[in-house]
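Asks: let's see this in three dimensions:
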Amino acid sequence: MDQGIDVLLNHTSIRKYKDLPIDQKTKEIIIKSSQMAPSSSHFQAYTMIEIQNKELRKMFFDISGGQRWIETAPLVILYCADLNRAEQYFEGVDRKVLSNLESYTVAVADAAIAMQKGFLAAQMMGLGGVVVGGIRNDVKTICERLKLPPKVAPLFLLCLGYPDETVGLKPRLPVEAVCHIDGYNNDQDASIHVYNEQVRQYYLERSGGKISEDWSQRCGRLLMAKTRYEVGNVFREKGLATE
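Replies: Down below sits the predicted model:
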C-alpha cells in the first residue's frame, strides 16, 4: 500500500532511459494492468498498439516535433479510442449511436484510464515514462500508416523504460482549485495567483534562470501553439462524434 501511494504522490515524467530492455513478463503485466482498468458498461472501447518498428518510431518522432524519447524508450505503446470493435460485434446496435459524442467520450475515457493503469503498473515495477500527446499533430498520417480502420482514433503514446534521470516534482494546482463541494467554485483568483508564482519559480530553478513563465502564461502559449483543429476533422471523417 505504501509503495502504491508513494508512486502516486511522487509522479514525474521520465524522458531519459537506461539502455536496458523490458522483459516480456514485465511487458505483459503492463498490458494486462491496462486491461483491468474500469470501463464504461464494460465496452472496453480502446486498443493498444506496441510500436517496435524503427521507421514508425521515426514517424512518431517527426510528428511530435522531435520528442527523442519516442525513439529511445524500450517500450512504446499507442493508445487508441476504438469503436470499430463495437460496430463489428455489439448486437442490436443502431450504428448512429457509435458516431455520437457520448460514444466518442466513452472511448477516449476508456483509453485514458487504461493507459494510466498500465503506467502505474510500470512505475510500481521500477520503470518511468512519459505520455506523448504531440502525436496528434498529424493524426491523418498515423491513421494511414498504421491502417487504422474507421472509428479508431490515435490519442497518445506511452513511452516507458528504466529511469536514467531524476526529475523534481512539478507543482500542481491547489486542491481548492480542482476539488469543490456541492457545486463549482469559480472564485479562484487568489489561489491561482499563488500557484502562478510557484510555477514560475519551478521553471526558473529547473532551467537555470532561462525560463520565467507562470502557469497561466505557459499553458496559454502552449494551447495556442497546438490548436489542432484538424484532429476533429480527421476523427469525424473516421465516423467519430458526427451525430
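
Asks: contacts and neighbour counts: CA atoms only from here.
Replies: OK.

Asks: for the longest strand seen in the chain, packing partners?
Replies: The residue-count maximum for a strand in the chain (DSSP state E) belongs to strand 152-161. Using 3 or more CA pairs under 8 Å, 6 or more residues apart in numbering; DSSP states H and E as the contact criterion, the elements in contact with strand 152-161 are strand 75-82, helix 101-124, strand 128-132, helix 139-145.

Asks: so which of those is nearest Gln67?
Replies: strand 128-132 (8.4 Å; CA to CA).

Asks: next, the angle helix 101-124 makes with that closest one.
Replies: Here strand 128-132 runs at an angle of 160 degrees relative to helix 101-124 (axes from the mean of the first three to the mean of the last three CA atoms, to 10 degrees).

Asks: show me where the protein has helices.
Replies: 2-9, 24-35, 54-63, 69-72, 84-89, 101-124, 139-145, 175-178, 189-206, 215-225, 229-237 (DSSP state H).

Asks: so which of the helices and strands packed on strand 152-161 gets nearest Pro38?
Replies: The nearest among those, by CA to CA, is helix 101-124 at 7.2 Å.

Asks: what is the burial count for Pro38?
Replies: Using other CA atoms under 10 Å, Pro38 has 15 other residues around it.

Asks: ignore the last one, Met36
Replies: The burial count for Met36: 13, using other CA under 10 Å.

Asks: surely Ile211 meets Val199?
Replies: No. Counting by CA atoms under 8 Å, Ile211 does not reach Val199; the two are 10.6 Å apart.

Asks: same drill for the two, tell me which one is more crowded.
Replies: Val199 (21 against 14).

Asks: pLDDT score for Asp2?
Replies: Looking at Asp2, its pLDDT is 85.

Asks: about what we covered before: so what touches the longest strand of the chain?
Replies: Outside strand 152-161, the residues that touch it by CA atoms under 8 Å, 6 or more residues apart in numbering are 17-18, 20-22, 69-70, 73-84, 108, 115, 119, 122, 127-136, 139, 142-143, 235, 238.

Asks: mind giving me the ChimeraX select for those residues, buried ones only?
Replies: Selecting the buried subset of the contacts of strand 152-161 in ChimeraX, with 16 or more other CA atoms under 10 Å as the burial test, is done by:
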select :17,69,70,73,74,75,76,77,78,79,80,81,82,83,84,108,115,119,122,127,128,129,130,131,132,134,135,136,139,142,143,235,238
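
Asks: give me the helices and strands touching the lowest-mean-pLDDT helix or strand in the chain, please.
Replies: When the helices and strands of the chain are scored by mean pLDDT, DSSP states H and E, helix 2-9 comes last with a mean of 92. Applying 3+ CA pairs under 8 Å, 6+ apart, one finds that helix 2-9 contacts helix 101-124.

Asks: how about Arg236, nearest residue that isn't a chain neighbour?
Replies: In space, Arg236 comes closest to Thr242 once its chain neighbours are excluded; the distance is 5.7 Å by CA to CA, 6 or more residues apart in numbering.

Asks: buried stuff in stretch 34-47?
Replies: Under the neighbour-count criterion of 16+ other CA under 10 Å, stretch 34-47 has Ser34, Gln35, Ala37, Ser39, Phe43, Gln44, Ala45, Tyr46, Thr47 buried.

Asks: and that stretch, what's its mean pLDDT?
Replies: Mean pLDDT, stretch 34-47: 98.
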